[in-house]
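Q: Fold the following, please.
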Amino acid sequence: MNRLTTELIQTSRLNLHLIGVEDLIKLFEDPEGFAIPQNAGYQNSHRVLVNNSGPLRWRVPQVKSDANLNKWFVRFIVLRDAKEIIGSISFHSEPDSNGMIEIGLEIATDFQNQGFATEALQGMWNWACTQPGVRTLRYTVSPDNLPSQRIIKKFGFAQVGVQIDEEDGPEDIFELSVAEFLALDSP
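A: Just a heads-up that it's a prediction; the model follows:
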């Protein structure tokens, strides 16, 4: 069985665990029946992706169509010392034909405003910058989501446009080239 994979991204306080294809599907199709493997070493008491499927409704059809895309997809954000899942993070797809890759994340309410979103984004973008074909990092966010607006501006992303998301309404589009990202000091 393709359980949570061993491909791990680590930051100073977090482990970003990639969810394997079979587990991703199980988590979406039967969230109450999904169980973290006992040997994983962490728990999901905040029911991340169980109470709210978040990006799973989009990512599961993508991996069912092409399992090789999964490396870009959903990771549990695990607070290493507490051995607790505190959120999830995922790219929307593999890099497009222009090398652009977009990301989204969610942090459990009890863990917001503690720098975990910034740290998880830094870890994922550092990883993405090592992957072939990635040239531009993208982040879209509601103009009303002030915490996320502050985070993306802290990284130095430039607003390049606005879009209307079918579910979330108006979103500001921010981008930064891989070269610019790599030249930054940490936020």
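Q: so where's the chain shaky on pLDDT?
A: The chain contains residues with pLDDT under 70 at 1-6.
Q: Return the alpha-carbon coordinates of the helix or strand hosting L176 using CSV.
A: Assigned by DSSP states H and E, L176 belongs to strand 169-177. Below are the C-alpha coordinates for strand 169-177, written out as CSV (Å, rounded to 0.1, in the frame of the first residue of the first chain):
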residue,chain,number,x,y,z
GLY,A,169,-14.3,35.4,-5.3
PRO,A,170,-11.7,38.1,-6.0
GLU,A,171,-8.1,37.2,-5.4
ASP,A,172,-4.9,39.1,-5.8
ILE,A,173,-2.2,37.3,-7.8
PHE,A,174,1.4,37.5,-6.5
GLU,A,175,4.4,36.1,-8.3
LEU,A,176,8.2,36.0,-7.8
SER,A,177,10.8,34.4,-10.1
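Q: Show me what the longest helix along the chain is packed up against.
A: Longest helix in the chain by number of residues (criterion: DSSP state H): helix 116-128. Counting contacts by 3 or more CB pairs under 8 Å, 6 or more residues apart in numbering; DSSP states H and E, helix 116-128 is packed against strand 8-10, strand 14-18, strand 75-79, strand 84-91, strand 100-107, strand 136-141, helix 146-154. Using the backbone N, CA and C atoms, a C-beta is placed for each residue, glycine as well.
Q: Could you export the ones you listed as TSV, including mean neighbour count and distance to L184?
A: Output for the helices and strands packed on helix 116-128, formatted as TSV (neighbours: other CB atoms under 10 Å; distance: least, CB to CB, whole Å):
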stretch	mean neighbour count	distance to L184
strand 8-10	14	18
strand 14-18	22	19
strand 75-79	25	21
strand 84-91	24	19
strand 100-107	19	16
strand 136-141	21	11
helix 146-154	15	10
